[in-house]
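S.K.: mind folding the following:
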Amino acid sequence: MVFAHKPVLPGEHVTLRPVGPEHVDGLWELVNDPETIRLTGSRGRPEREALKVWYDSRGAQGDRLDLAICTTGDDVYVGEIVLNELDADNLSCNLRIALIGPRAYGRGYGTEAIRLTLDHVFTTTPLHRVGLEVYAFNERAVHVYRKIGFVQEGVCRDALLMNGDWYDSVIMSILAPDWVVREI
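M.R.: As a prediction, this is how the structure comes out:
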């Protein structure tokens, strides 16, 4: 179980904490924010009680790591970062991140959360590859991923149908050796 240990990862602007029922109000705000919904291509709205059950169950999942992104100092929930889709045979997993909306955008929270997570993954686990997909219209996220060291591997054409329009999904990854030699 690669993610049996659920760490607290402190940073300068954010602290990553294992998600729990205490973060449900923030998750509720996140899944109902129109801009977050657009950027993630989300469909449907879960009920608040289902979110509580979901966050309460994440600690027992050894094949994934779900962390709340909380501001340092006042510990306010501003999003989540998740490592999931673990492929233990090939030492890889998927990364996804969502911030709570415009009040969390542009403050460096996502960049720091990704860096903290990747540093944890590549220094404490045997994982070799972390991949992700991002919609091509989310230029801010694509820029951040590239800045951190993710490399574009391909494009899934017309992967999302939203409001009658088709959008591509960009496939990116970062490898453990890339992380070790990156410019800090």
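S.K.: rest of the way, CA atoms for contacts and neighbours
M.R.: OK.
S.K.: point to the helix or strand of this structure where mean pLDDT is at its lowest.
M.R.: Ranked by mean pLDDT, DSSP states H and E, the weakest helix or strand in the chain is helix 48-57, scoring a mean of 85.
S.K.: for that helix, list every residue counted as buried.
M.R.: Neighbour counts over helix 48-57 (16 or more other C-alpha atoms under 10 Å) mark L51, K52, Y55, D56 as buried.
S.K.: tell me the contacts of the second one?
M.R.: It refers to K52. G20, P21, V24 (C-alpha atoms under 8 Å, 6 or more residues apart in numbering).
S.K.: picking that back up, need the CA coordinates for the least confident helix or strand of the chain. CSV is fine.
M.R.: Once non-C-alpha atoms are left out, helix 48-57 reads as follows in CSV (Å, rounded to 0.1, in the frame of the first residue of the first chain):
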residue,chain,number,x,y,z
ARG,A,48,-23.6,17.2,1.3
GLU,A,49,-24.0,14.0,3.3
ALA,A,50,-22.3,12.0,0.5
LEU,A,51,-19.3,14.4,0.6
LYS,A,52,-19.0,13.8,4.4
VAL,A,53,-19.1,10.1,3.9
TRP,A,54,-16.5,10.4,1.1
TYR,A,55,-14.0,12.5,3.0
ASP,A,56,-14.5,10.4,6.1
SER,A,57,-13.5,7.3,4.2
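S.K.: and it, how far from the chain's centre?
M.R.: Here helix 48-57 is found 18 Å from its chain centre; the criterion is C-alpha atoms, centre = their mean, to the nearest Å.
S.K.: out of the contacts of K52, list just those in helices.
M.R.: V24 (DSSP state H).
S.K.: by neighbours, which of the contacts of K52 wins?
M.R.: Tallying neighbours with other C-alpha atoms under 10 Å puts V24 at the head of the contacts of K52, with 21 neighbours.
S.K.: leaving out the residues flanking it, which one is nearest to it?
M.R.: K52 (5.7 Å; C-alpha to C-alpha, 6 or more residues apart in numbering).
S.K.: which residues touch E133?
M.R.: S169, V170, I171, M172.
S.K.: remind me which helix or strand it belongs to.
M.R.: Element membership of E133 [criterion: DSSP states H and E] is strand 129-135.
S.K.: over to L83?
M.R.: Going by DSSP H and E, L83 is part of strand 77-87.
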